[in-house]
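> Need coordinates for the below:
(one chain, ligands or ions: 1)
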Amino acid sequence: MDSPFMTTFFRSLFHCRACLKQSSTVTRLNGISRTRTGLDAYGLGRRHYGFGAKPRDVAWQPRQSNFIEDMSEEYQRYPMVTAELLKTRRERPKRVKMLVRDFIDDALYNPHYGYFSKEAVIFSAGEPFNFNSFQDALEFNDAFGKRYTEFEDKLDAIEYNELRQLWHTPTELFQPYYGEAVARYLVANYKLSLYPYHDLILYEMGAGNGTLMRNIMDCIRDSDPDVYQRTQYKIIEISPQLAALQRAQVGDHKDHVEIVNRSIFDWKSPVHNPVYFIAMEVFDNFAHDMLRYDPFTEQALQGIVLIDDKGDFYEFYTAQLDPVAERYLRLRKSAFRRGLKHPLNTPRFLRNLCTRLPFSPNLTEPEFIPTKLMGFFDVLRTYFPNHRLLASDFHSLPDAIEGVNAPVVQTRYQRQMVPVSTVFVEQGYFDILFPTDFEAMEDMYQALTGKLTRVMKHEEFARSWADLEATQTRSGENPLVGWYQNASVLSSV
Ligand SMILES: C[S@@+](CC[C@H](N)C(=O)[O-])C[C@H]1O[C@@H](n2cnc3c(N)ncnc32)[C@H](O)[C@@H]1O
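Modelled structure (predicted):
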């Protein structure tokens, strides 16, 4: 916790709990999403709106509430900064403006105040759960809840932290079985297509606690010693804290494992060998651009956030798209094969009618476009031309903020998850995680890499590759299969 102000801020939020709707413990722990733990949507972000009084090609402020503050003079005066420029800054920026994509990137990944470098902790189950000993999924859920509390009690005994951002992933919850399922998929695929001509080279981007790496390597060593001899596992991890945890997990696999503490976006070495590239729950935190559309002309406008001298946020829109957003829209037009959710999908006459009503918004609802994910596929194409991708993420998320492909923005305070209704929040205190539109992602990936893909639901992947006997409860329910119904898996074929 780095400021007394924030403590007071969250305390006052907590005092408002009567206005919030508490969800049940079952919802909290049933794996609907990695951080679904809590309270219903609540407007918290300090966002101010005004009427767009400027020429259209300069900047628009969306007209959405009664609170009007014209910040066009500041908009002209403040410099435009990027997440890259802010990396060396220890303080959150003021008197600047930036693309929403850069704002999200900075809020999540700034090395000094970003979410991933501050309070984020990934739950570790310790001993694997004995699924056969549970009567049903509910009993497992209770046991999981108990371990979650014990895990946090231990951390609090070392250092109490009411702002600890604790979350869990299927890798951790179902260890070692989830990692073993992934290992079986990889080895079967390797034996079919690359063995014996190539080694098994695995790259994992964003390895969290390092549990997937350990579980995969243990499984290959125990089930396929010959393949294990030829296996190399390389982790690319942005967080120094998590890279340190991953090193501690390497153990006996030290001759086979390498950990590179770097963002995938800084990767510059070509890897020409055939490799498998694993990305589990990493895409959801990749920053997106925020667009709104002029409801009359249908012109796309790109979101820019202005931060004033008090640290308050103001949303602006410009018709001059930056090259990255422009390229994404071009790619979408030329390569996406399937119908998309889009803010302009409503009939034009209805839209025109609504927009003419007094006090109605002057721009459409926002759309969030995955521009960083596009950049990641560029990295794959450029530096890993012979890769095969295996990626899992959420195809939908409950309690997202308003908009198409909109993220969930949430923080955890005194062990309660608090979702909020805006992306413009104090940088570093909030997780901002996006659902992945797997159909759109598949089209984009195919267009950029030229590779074919397959998408399946998490359940199908688990049924195909997991040890179903070991993960079944006595009633026949299988949490590894039944939970994470909102996750999907994309693989190159
Ligand atoms: C939600 S965690 C998932 C951890 C792990 N894959 C799992 O399933 O348990 C996201 C991980 O991706 C890492 N990460 C996020 N952005 C990254 C980037 N640009 N380059 C490398 N690692 C990144 C985070 O530090 C973290 O380890």
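
> So which residues on the protein come close to the ligand?
Taking C-beta under 6 Å from any ligand atom as the measure of proximity, the chain contacts the ligand at 116, 122, 169, 171-172, 205-208, 212, 236-239, 242, 263-265, 280-282, 285. (Each C-beta comes from the backbone N, C-alpha and C, glycine too.)

> Tell me which of those fall in helices.
Cross-referencing the residues of the chain next to the ligand with the helices (criterion: DSSP state H) gives 171-172, 212, 242 as the overlap.

> Chain neighbours aside, what residue packs nearest to the residue in the chain that the ligand sits nearest to?
Closest residue of the chain to the ligand, C-beta to the nearest ligand atom: Gly206 (2.2 Å). Taking C-beta to C-beta, 6 or more residues apart in numbering as the measure, Gly206 lies nearest to Val282, with 3.7 Å between them; neighbours along the chain are not counted.

> got the contact list for that neighbour?
Applying C-beta atoms under 8 Å, 6 or more residues apart in numbering, one finds that Val282 lies in contact with 205-206, 391, 393.

> Which of these sits closest to Pro366?
Pro366 lies nearest to Asp393 out of the contacts of Val282, by C-beta to C-beta, at 20.7 Å.

> OK, contacts around that closest one?
Contacts here follow C-beta under 8 Å, 6+ apart; on that basis Asp393 touches 279-284, 436, 487-488.

> change it to 7 Å
Taking C-beta atoms under 7 Å, 6 or more residues apart in numbering as the definition of contact, the neighbours of Asp393 are 281, 283-284, 436, 487.

> State the three-state secondary structure for it.
Following DSSP: H, G, I helix; E, B strand; the rest coil, the label given to Asp393 is strand.

> what sits up against the host helix or strand of Leu380?
In this structure, Leu380 sits in helix 371-383 according to DSSP states H and E. Contacting residues not belonging to helix 371-383 are listed as 101, 264-265, 267, 269-271, 277, 283, 286-289, 324-325, 328, 387, 389, 441, 444-445, 448-449 [C-beta under 7 Å, 6+ apart].

> repeat for stretch 98-112
80-83, 86-87, 89-90, 114-117, 238, 285, 287-290, 302-305, 322, 371-372, 423, 427-428, 430, 432.

> List the residues that contact Leu245.
With contact set as C-beta under 7 Å, 6+ apart, Leu245 has these partners: 209-210.

> what's the pLDDT at it?
pLDDT, Leu245: 94.

> How about the backbone phi and psi for it?
As for Leu245, its main-chain torsions (degrees, to the nearest 10) stand at phi -60, psi -40.

> what do you get for Met456?
In terms of degrees, to the nearest 10, the main-chain angles of Met456 are phi -140, psi 160.

> Please work out how many residues are found near it.
Met456: 16 surrounding residues under other C-beta atoms under 10 Å.

> Give me the three-state assignment for the nearest residue in space to it that is not next to it in sequence.
Excluding the flanking residues, the one nearest Met456 by C-beta to C-beta, 6+ apart is Val489, at 5.4 Å. Three-state call for Val489 (three-state DSSP): strand.

> Can you name the residues that contact Val489?
The neighbours of Val489, taking C-beta under 7 Å, 6+ apart as the test, are 392, 456, 458, 461.

> any idea which helix or strand carries the last one?
In this case it means Phe461. With secondary structure defined by DSSP H and E, Phe461 is part of helix 458-465.
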